[in-house]
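Engineer: how would this look folded up:
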Amino acid sequence: MTDGLEQAKRLCDALGEIFCLTFVRGVDAPDALRRMGAYPDTFAERSPTEMFERQNSFDAGYPRMAGAVKVDEWAVVLEPYGFEGAITLPAATSRGTEAVAVLRHDYASPRFTYAVDGMELTTFDPTWTDPVWGAEPDRLRAHLQAVGLEPPDPDGEISWIEDAVARAVLLAAAVTGVTPSVEALTGPMLSVEIEPWFADAHPSGSALGDDSRGQDQWHAALVEAVVAATPAAKRAAAVAEMRRIADLLGVADAPGLAEALAGAEEDRFPSMPVPVPMASPLGREVRGWLRLSSTASWSLNDSDGRYRMTDAERSQGYLFGWFAKALRGALNPDPDIAVRTALHPLASGLSLVADPDAHTAALSHLRA
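Structural biologist: Numbering: from 1, shown residues only. Down below sits the predicted model:
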């Protein structure tokens with residue numbers, strides 16, 4: 001195991017302080033990237049350095065980037081300075097197969113995730129390995145012991161695990177049987193811009209919780225009404241709120257939006273496909289909204305880009321980001337997910353969206 005750990009440490013050193021590796025069994029590199037919401041018009045061979053430069057470009061809209069190589073039976077996806085494979089996309093990458101993801105993030109929390117056919121079986125922070133959660137938290141216990149990531153004795157003192165991310169990479173190798181070389185993951189590879197909005201996974205982003213304690217009066221009233229509402233009432237409230245926000249933003253006439261919301265209202269999304277095809281008229285609109293939002297957010301970290309947007313443009317970008325995330329949730333086939341996501345901007349008191357009449361209308365839909 002010592003040789004394997006040293007190899008994993010060299011790989012971590014080469015990839016840097018923030019990266020995500022996702023292993024997807026039985027698919028090629030393009031398919032692995034498509035599972036992550038790849039924009040088909042952005043495929044190109046790039047090095048990790050070129051991917052990093054692109055995702056830090058104002059002119060490119062600060063896109064999320066990923067590259068992939070094929071290693072034996074597995075496609076291995078690298079997200080330089082990314083995290084989607086371990087956080088938002090295990091269900092999408094593992095649909096019909098299995099996927100393993102390792103996230104290193106020196107300024108937040110690392111993560112290891114093992115998923116099969118859309119379900120996360122084992123997930124944990126390798127720094128502590130406590131708790132381990134998922135549908136089968138003990139699934140990989142023998143492997144955890146072998147690589148030095150055994151969960152601590154619950155009655156003992158919890159201690160920091162040395163070389164935790166390298167050991168997580170070693171664990172991924174134990175599960176998959178493959179260890180990508182440093183050369184394979186630092187040289188040119190097939191790469192693409194990815195957008196989880198278009199992936200076959202549950203929507204990411206904030207949503208109303210179940211607990212109204214500690215919330216302001218508006219927020220608490222919405223939470224309590226959602227908990228008590230029928231599925232039909234939840235669906236009606238979600239769609240009504242999305243129509244209202246679309247009117248406020250002046251995009252109610254966006255191609256395909258009215259049809260998509262009508263489909264959600266009539267429960268025409270019985271499974272979990274991507275609700276809006278990327279190449280559809282509405283899909284192209286969503287791409288624009290998401291790019292505007294990404295540019296508004298990430299340009300603040302760019303010494304040049306921060307001066308290339310006005311405050312009004314940046315505020316508009318934020319609003320379109322909130323709208324796009326709420327729309328993705330509102331189109332979910334689960335009415336509970338739909339309403340909790342769609343109503344979150346209203347409950348949060350977001351500027352422009354917050355309105356007493358809208359709050360009253362949402363409560364009326366939920367209590368119908």
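
Engineer: only C-alpha atoms for contact and neighbour calcs from this point on.
Structural biologist: Fine.

Engineer: Which pLDDT value does the model give the residue nearest the centre of the chain?
Structural biologist: Central residue of the chain (Cα atoms, centre = their mean): Thr88, 3.1 Å from the mean position. We have a pLDDT of 94 for Thr88.

Engineer: repeat for Phe269
Structural biologist: Here the pLDDT value assigned to Phe269 is 63.

Engineer: same thing with Gln145?
Structural biologist: So Gln145 comes in at 86 (pLDDT).

Engineer: coming back round to it: name the helix or strand for the residue nearest to the residue nearest to the centre of the chain when sequence neighbours are not counted, please.
Structural biologist: Of all residues not flanking Thr88 in the chain, Ser204 sits nearest, at 6.4 Å (Cα to Cα, 6 or more residues apart in numbering). For Ser204, there is no host helix or strand (DSSP states H and E).

Engineer: Could you give the bridge partners of the residue lying closest to Phe43 once chain neighbours are set aside?
Structural biologist: Of all residues beyond its chain neighbours, the one nearest Phe43 is Val192 (4.6 Å), with distances taken as Cα to Cα, 6+ apart. Counting by DSSP bridges, Val192 is bridged to Ala66.

Engineer: What is the burial count for the residue nearest to Thr88?
Structural biologist: 17 (other Cα atoms under 10 Å).

Engineer: Please, where are all the helices along the stretch 101-250 of the chain?
Structural biologist: 141-147, 164-176, 182-186, 217-228, 231-249 (DSSP state H, counting those that start in this stretch).

Engineer: out of those, deepest packed?
Structural biologist: helix 164-176 (a mean of 23; mean count of other Cα atoms under 10 Å).

Engineer: Quick check, the residue nearest to the centre of the chain in contact with Ala199.
Structural biologist: No - using Cα atoms under 8 Å as the test, Thr88 is too far from Ala199 to be in contact (9.5 Å).

Engineer: re the thing from before, mind listing what the residue nearest to the centre of the chain touches?
Structural biologist: Contacts for Thr88 (Cα atoms under 8 Å, 6 or more residues apart in numbering) come out as 196, 201-202, 204.

Engineer: ranges for the strands of the protein?
Structural biologist: 18-25, 44-46, 64-71, 74-80, 98-105, 111-116, 119-124, 132-133, 189-194 (DSSP state E).

Engineer: Out of the ones you listed, which one sits most buried?
Structural biologist: strand 98-105 (a mean of 28).

Engineer: what's the distance between that strand and the middle of its chain?
Structural biologist: Computed by Cα atoms, centre = their mean, to the nearest Å, the chain-centroid distance of strand 98-105 equals 13 Å.

Engineer: strands paired with that strand, and their directions?
Structural biologist: strand 18-25 (antiparallel), strand 111-116 (antiparallel).

Engineer: Sketch out the low-pLDDT regions of this structure for me.
Structural biologist: 1-2, 151-159, 205, 269-274 (pLDDT under 70).

Engineer: Show me the domain layout of it.
Structural biologist: 2-198, 217-367 (automatic domain parsing).

Engineer: Which among those domains is found nearest to Asp211?
Structural biologist: Among the domains of the chain, the nearest to Asp211 by Cα to Cα is domain 217-367 (7.0 Å).

Engineer: What is the distance between the closest one and the centre of its chain?
Structural biologist: The mean C-alpha position of domain 217-367 is separated from the chain mean by 16 Å, Cα atoms, centre = their mean.

Engineer: try stretch 58-65
Structural biologist: 17 Å.

Engineer: mind listing what's buried in stretch 302-309?
Structural biologist: Using 16 or more other Cα atoms under 10 Å as the test for burial, stretch 302-309 gives 305-306, 308-309.

Engineer: Can you name the two of the residues you listed that sit furthest apart?
Structural biologist: Top of the distance list for the buried residues of stretch 302-309 (Cα to Cα): Gly305 and Met309, 7.3 Å.

Engineer: Find residues that contact each of these two.
Structural biologist: Joint contacts of Gly305 and Met309 (Cα under 8 Å, 6+ apart) do not exist.

Engineer: Distance check, Asp53 against Asp59.
Structural biologist: That one is not Asp; residue 53 is Glu. 11 Å (Cα to Cα, to the nearest Å).

Engineer: make that Thr341, sorry
Structural biologist: Per Cα to Cα, Thr341 is found 30 Å from Asp59.

Engineer: right, so of the domains of the chain, which gets closest to Leu208?
Structural biologist: Here domain 217-367 is closest among these (Cα to Cα), at 4.7 Å.

Engineer: how long is the closest one end to end?
Structural biologist: Using Cα to Cα, first and last residues of domain 217-367 are 17 Å apart.

Engineer: do the same with stretch 57-67
Structural biologist: Using Cα to Cα, the two ends of stretch 57-67 sit 17 Å apart.
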